[in-house]
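Novice: Predicted model, plus sequence, below.
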Amino acid sequence: MINFTVGPVQSPDYVCEIGGEQVPYFRTDEFSQIVFESERIMKSFVNATDDSKVVFLTGSGTAAMEATVINTLTPDDKAIVVNGGSFGQRFVDLCKWHSIPYDELKLEAGYGITSDQLAQYSGKGYTTFLVNMHETSTGVLYDMEMISKFCKEEGLFLIVDGISSFLADFVDMQKFGIGVFLTGSQKALACAPGVSVVVLSTKALDRVSKTKSCSMYLDFSDALKNAERGQTPFTPAVGVIRQIHKRLKTIEEAGGVSSEMNRMHELAVDFRKRIEESGLPFELFSKSPSNAVTSLYSPQISAYEVFLRLKDEYGIWVCPNGGAFKDIVFRVGHIGSLTIEDNKLLVKSMVDLINKMEK
């Protein structure tokens, strides 16, 4: 099986080996050192300040999104929420669920944000901006330079879901003025699912200190207190944290985040070129694609059937879409342990499959 989905992704062998080991007891100095070193590398990879803090939360990316909302925002805030797909909608739902006042910047699927759209929200008393840096459901990478400039001019607290962007696209918390950045273990980190990673700037830490969380399990104040000793309040996904630690160290030793990002960029460019040259009846759906994923569109071929038949007949997983895009869009990931040879095999298999489907 070759996994071209966008999470969980294809893991390198050294990550899989950790997954096959006995899970050790974690209330130890050894585990604390793993957490401390993972925090150090995470902060360096997103260029967070030294006094920023990292929370390793046992839960999916949605848990991190919800935890961020309930620990840094209150009904006194007024948020702008970018909604360009399923995950933008999730931020909308979370603000609604927790009674955070918001306005929704609704985007046409497949398109990014324009400066004119942002200008409509200028000078209207907003305090916060929530965005999925890469809207994974459509494959659109938003212009963080433009968003950052707007947030700085308006004095907005910037929350960035970088779950599928971390290690794939350029991230710089200091340059972009990001208050909270979050990611997950099962994306470009290429580990098992189950742990989300939240990087909190000093602005975010100040907000956390002044906000009473409505959740015991997702309370950042408790998590930060335990993090001082390299621990978590409750039993974490110990094995996954060990995988994250190994993965971060390996990337650091291999040239760091820029090297890993360049690798994924090369995979994405190579795949898109092969699709263009193959004559396959697919077009890029995203007008601003991320290195993490290529979303392919065709009104002629059932995208969901392509997903099913690649899985069942070729042993290759791509990522289906749901809702209105189920039969016209599917996605091919470039994150995880993939190679140019894997790209060649996928395109060859797609050509063979489409020939069968068109007969």
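Specialist: Happy to help now that I have it.
Novice: What's the local residue count around residue 236?
Specialist: For residue 236, the count of nearby residues is 20 (other Cβ atoms under 10 Å). No exception for glycine: its C-beta is placed from N, CA and C like everyone else's.
Novice: same check, this time on residue 274
Specialist: Residue 274 has 18 nearby residues by other Cβ under 10 Å.
Novice: just residue 144 next, same as before
Specialist: Residues within reach of residue 144, counting by other Cβ under 10 Å, total 23.
Novice: Which residue comes closest to it once chain neighbours are left out?
Specialist: Spatial nearest neighbour of residue 144, excluding adjacent residues (Cβ to Cβ, 6 or more residues apart in numbering): residue 176 at 5.4 Å.
Novice: I'd like to check which residues are in contact with the one you found.
Specialist: Contacts for residue 176 were tallied using Cβ atoms under 8 Å, 6 or more residues apart in numbering; they are 144, 145, 147, 148, 158, 160.
Novice: contact partners of the longest helix along the chain?
Specialist: Taking DSSP state H as the criterion, the chain has its longest helix at helix 257-278. Contact with helix 257-278 is made by 45, 167-170, 188, 251, 254, 282, 284, 289-294, 296, 332, 334-335, 338-340, 343-344, 346-347, 350-351, as judged by Cβ under 8 Å, 6+ apart.
Novice: Which ones among those residues map onto strands?
Specialist: 284, 293, 294, 296, 332 (DSSP state E).
Novice: What about the third one, how many residues nearby?
Specialist: Under the neighbour criterion other Cβ under 10 Å, residue 294 is assigned a count of 25.
Novice: Report the contact partners of it.
Specialist: Neighbour list for residue 294: 139, 268, 271, 272, 275, 284, 286, 331, 332, 334 [criterion: Cβ under 8 Å, 6+ apart].
Novice: looking at these, which has the most residues close by?
Specialist: Neighbour counts for the contacts of residue 294 peak at residue 139, which has 31 neighbours (criterion: other Cβ under 10 Å).
Novice: mind listing what it touches?
Specialist: Residue 139 makes contact with 110, 284, 285, 286, 289, 290, 293, 294, 295, 331, according to Cβ under 8 Å, 6+ apart.
Novice: doesn't residue 138 make contact with the third one?
Specialist: In other words, residue 285. Yes - if you go by Cβ atoms under 8 Å, residue 285 and residue 138 touch, sitting 6.4 Å apart.
Novice: Who has more neighbours out of these two?
Specialist: The neighbour comparison of residue 285 against residue 138 (other Cβ under 10 Å) goes to residue 138, with 29 against 23.
Novice: Which per-residue confidence value corresponds to that one?
Specialist: pLDDT, residue 138: 93.
Novice: got it, and residue 359?
Specialist: 67.
Novice: What is the burial count for the residue nearest to residue 35 when sequence neighbours are not counted?
Specialist: Leaving aside its chain neighbours, residue 35 sits nearest to residue 230 (4.1 Å; criterion: Cβ to Cβ, 6+ apart). Residue 230 has 20 neighbouring residues, counting by other Cβ under 10 Å.
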